[in-house]
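>>> okay, sequence plus prediction incoming.
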There are 2 protein chains.
Amino acid sequence: MEKVFRYIEDHADMYLDWLIEACNQPSVSAQNRGMVEMKELVKRFLNMINVEVEEITTDGYPIIYGELEEGHNKTLTFYNHYDVQPEDPIDHWKSPPFEASIREGKIFARGVADNKGNLIARICAVHAYQQIYGKVPINLKFIFEGEEEVGSPHLEFFAKEHPNKLKTNGIIWEGGSREVESKRPHIGLGVKGICYVELTCKGADMDLHSSEAAIIENPAWRLIWALSTLKNEQEEILIEGFYDDIVPLSDLDKKFIGSMIYDEEATKKLYGISKFLKNVSGDALKESLTADPTCTICGIESGYIGEGSKTVLPSIARVKLDFRLVPNQSPEKIAQLLRNHLDKHGFTDIEIKQAHGLHPFNTDPNHPFVNTVLKSMDEVYQEPPVILRNLAGSSPMYKMLKNTNIPAVQIGVANLQSNYHAPNENIFIDDYIQGIKVTAAVINNFR
Amino acid sequence: MEKVFRYIEDHADMYLDWLIEACNQPSVSAQNRGMVEMKELVKRFLNMINVEVEEITTDGYPIIYGELEEGHNKTLTFYNHYDVQPEDPIDHWKSPPFEASIREGKIFARGVADNKGNLIARICAVHAYQQIYGKVPINLKFIFEGEEEVGSPHLEFFAKEHPNKLKTNGIIWEGGSREVESKRPHIGLGVKGICYVELTCKGADMDLHSSEAAIIENPAWRLIWALSTLKNEQEEILIEGFYDDIVPLSDLDKKFIGSMIYDEEATKKLYGISKFLKNVSGDALKESLTADPTCTICGIESGYIGEGSKTVLPSIARVKLDFRLVPNQSPEKIAQLLRNHLDKHGFTDIEIKQAHGLHPFNTDPNHPFVNTVLKSMDEVYQEPPVILRNLAGSSPMYKMLKNTNIPAVQIGVANLQSNYHAPNENIFIDDYIQGIKVTAAVINNFR
């Protein structure tokens, strides 16, 4: 592999140019901007490394599917997406979001971290390997969707309609990142799920003068009372059955959680807080972050909240709740349990709108594929990896991989200050190059 | 009195012109618009009926104080204000707010109901009486402030600094109105008080990604938990001591409450509700409206409540609460009880800002002055009066009259659809003329 690594280093500028080319092509799925051009660009790159490309058409943007080599024992799949988030607020960018700019050892561009950096790095890794050995020692598959930033509405359909294309021994998923200070790379073995709902409680047809509150029901109060039955001050979620499906952490889970870095003092300082929830710290804190399901008020609104005092009896009250789910919980079931709970407590009038749901997904940390990736990381990085049982963000992994036992791990080229979905999105050039090497190492070690 | 009434009828057009002149002069205290001009206009009207006028200067707008006659047994005082609310939203007005417009037997203008109609009607009544009898049979005092719509910040100072000017046997206060269908006139014997507070709960210094909710405190949840300790689903306010000072209703109170008109079906239809709070109706409903203190969420806000789902852990949560207070409760004490309650329940971190407070004020329904006014109403109106122990809105009565035993009643020229503080504020011309007559009758009957 030394030769491959050296080739990558020697051709770092070329691989950087490839990434810049990809970044300079807008591909905003939410706004149907540049999607066709980006798809063609990705196909061209895949063709360059001899991948046979097929377009899977959907009602939305096509999934680019590709295969390389055949007849090997092992198959490795790369999941990535060629769409990016909108660049708003544009005023906060220091350089144009779709004109990659290099400053302080970093590349700045919309999508460079999420996830064009990873997508191109996978291609570069194959390319470099091919330059040295002629061909890769395993079968490769590429699943590059164009709708990840709008909720992957067709990924489930893809998995269902194309079971053979899904067949593989392991997936390198987008995601993963690197500590900025310690430089320790992260490997993710899964994501929490999410159940996002909006509750609405209605009173009179219009806002009334608050003197009427003596005789007219206030929907804000009803919503407060309903919410107060959902979670208590000890942070226990009181919805009947909420915790039933949760699988206890294994010893290995706990070991991996123990490997996490969490700078408590820095976080406290950054966020301006004096303590963490329930006053936890150390391993208990890391365990909470990784393994606790949550019930969060993301937003609540009723009546008048502007300057001064307006004596109003509101006609409507709304709250947005986000439940982060851990392995074996399901968003559909949680939404149903919530409905049952509200009904049982007399809040049949409170309406639930399920905005979106994503199942948690976790790869068995004992799976040999995890070891292969860890070994590959060891070959590239000086720093020991941080093994994350659950990444903070959600991901459509479950949509594609449910009903399979395919292991999927997340490694990548971004870092913890990459500004995902935000202005001045960036990655370190060095992390990009190292990311190409790790991918090449996985290809080499997985045979 | 027939002669006085006839004079008023014969000079209705002139008295209407006086009102129109007053309405056409903007006097928005909140915006310091036209206040000097309006003050001069009011002084001119008072001079016309031979009132000796004195300007009581304050840090804000002056109080116009006047006296007429002396040496009689009885003194009657008129409290009114020469300022009005801003006219926003201007787009909703069918005619310009400061160009009085007559349509369908009504006068439309900002302030015509609140309370230039009453202010001018008091002057007209004196004028008509003087035309017939040369002079009035009692001493009259006029207290016309210019800051009622901005909270009467100097009324307490006036009462304290000028005890002799305050001295009187009874006050006709602004307020009062008339049913639109039944035409029954209202007489108010007091107002509920109000304690308006804003509670703020803070979390991290900035909004965070909601995945952090597993370890970072959510101020929205804390506020929900705090609120849920304030009032239960049975509408019982749980703040210790909240109900302690309340005086039970007397038989006369109950009789007066029984005289109230409340069209339950029409209200249900208008508001789109199927039942009243706690399912009450009949006298119990009227009693609740008149005599129950309240704790109302006027507004609550935290996090993101726009379109779609944003996974945010809010950094701050705020609620505006309005307590309507009944006789013998005090806003200062309620604010202190609230502080004690929150502290006792562990919410020492929740900040209370008291936005404003007004004490309740009630005149003893057995006071002979009440009977004099009721008798005067009988002489003018065909319809029996509705006696309201508490008007819905608040008023600075207590600020001026605390530490006195002066009775004050509210009668006036507006009606229940006069659009106080709202676009297209209006009164019926007929109610204005009848209001002049009632004032003249009180002057006559009070000697």
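Arrived safely, thanks for sending.
>>> what's near enough to touch A:Asp114?
A:Asp114 makes contact with A:84-85, A:174, A:414, A:418, A:420-421, A:425, according to CB atoms under 8 Å, 6 or more residues apart in numbering or on different chains. No exception for glycine: its C-beta is placed from N, CA and C like everyone else's.
>>> which one (most neighbours) among the residues you listed?
Neighbour counts for the contacts of A:Asp114 (other CB atoms under 10 Å in any protein chain shown) peak at A:Val84, which has 30 neighbours.
>>> next, give phi and psi for it.
Per-residue torsions, A:Val84: phi -130, psi 170 (degrees, to the nearest 10).
>>> give the closest residue to it in space, chain neighbours not counted.
Excluding the flanking residues, the one nearest A:Val84 by CB to CB, 6 or more residues apart in numbering or on different chains is A:Gly111, at 3.4 Å.
>>> isn't the one you found up against A:Asn24?
No. Using CB atoms under 8 Å, A:Gly111 makes no contact with A:Asn24, being 10.1 Å away.
>>> quick one: which of these two has more around it?
The neighbour comparison of A:Gly111 against A:Asn24 (other CB under 10 Å) goes to A:Gly111, with 28 against 15.
>>> near chain B, which residues of the stretch 251-400 of chain A show up?
A:271-273, A:276-277, A:280, A:285, A:288-289, A:292, A:294, A:296-306, A:308-314, A:317-318, A:320, A:322, A:324, A:346, A:355-356, A:392-393 (CB under 8 Å from any CB of the partner chain).
>>> what distance do you get for the closest residue to A:Glu174 other than its chain neighbours to B:Gln131?
Take A:Glu174 and drop its neighbours on the chain: the residue closest to it by CB to CB, 6+ apart is A:Asn115, 4.1 Å away. Distance of A:Asn115 to B:Gln131, given as CB to CB, to the nearest Å: 89 Å.
>>> so these two - more neighbours on which side?
Using other CB under 10 Å, the more surrounded residue of A:Asn115 and B:Gln131 is A:Asn115, with 28 against 13.
>>> any idea of the pLDDT on the more buried one?
pLDDT, A:Asn115: 95.
>>> near chain B, which residues of the stretch 51-200 of chain A show up?
Proximity of the stretch 51-200 of chain A to chain B, by CB under 8 Å from any CB, involves residues A:192, A:194, A:196, A:198.
>>> out of these, which are inside helices?
Using DSSP state H, no member of these falls within helices.
>>> of those residues, grab the buried ones for ChimeraX.
Per 16 or more other CB atoms under 10 Å in any protein chain shown, the buried members of these correspond to this ChimeraX selection:
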select /A:192,194,196,198
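>>> from the residues of the stretch 51-200 of chain A next to chain B, which is closest to chain B?
Distance ranking of these against chain B, using CB to the nearest CB, places A:Tyr196 first at 4.4 Å.
>>> contacting residues for the closest one?
A:298, A:320-323, A:354-357, B:309, B:311.
>>> cutoff 10 Å now
Counting by CB atoms under 10 Å, 6 or more residues apart in numbering or on different chains, A:Tyr196 makes contact with A:296, A:298, A:320-324, A:331, A:335, A:353-358, A:394, B:210, B:308-311.
>>> got it, and A:Gly412?
Contacts for A:Gly412 (CB under 10 Å, 6+ apart) come out as A:80, A:113-115, A:117-118, A:121-122, A:172-178, A:185-188, A:418, A:427, A:431-432, A:435, A:438-439.
>>> any idea how far the nearest residue to A:Pro327 once chain neighbours are set aside is from chain B?
Counting by CB to CB, 6+ apart, A:Pro327 lies nearest to A:Asn362, which is 4.6 Å off, once chain neighbours are set aside. Distance check for A:Asn362 against chain B: by CB to the nearest CB, to the nearest Å, it reads 15 Å.
>>> is it true that A:Asn362 touches A:Val370?
No. Taking contacts as CB atoms under 10 Å, A:Asn362 lies outside contact range of A:Val370: 11.1 Å.
>>> which residues are common contacts for the two?
Overlap of the contact sets of A:Asn362 and A:Val370 (by CB under 10 Å, 6+ apart) consists of A:189, A:407-408.
>>> which stretches of the stretch 301-447 of chain A have low pLDDT?
A:392 (pLDDT under 70).
>>> ok, the residue nearest to A:Val84 touching A:Arg33?
No. Look at A:Gly111 against A:Arg33 with CB under 10 Å: they stay out of range, at 11.9 Å.
>>> between these two, which contacts overlap?
Shared contacts of A:Gly111 and A:Arg33 (CB under 10 Å, 6+ apart): A:26-27, A:83-84, A:87, A:98.
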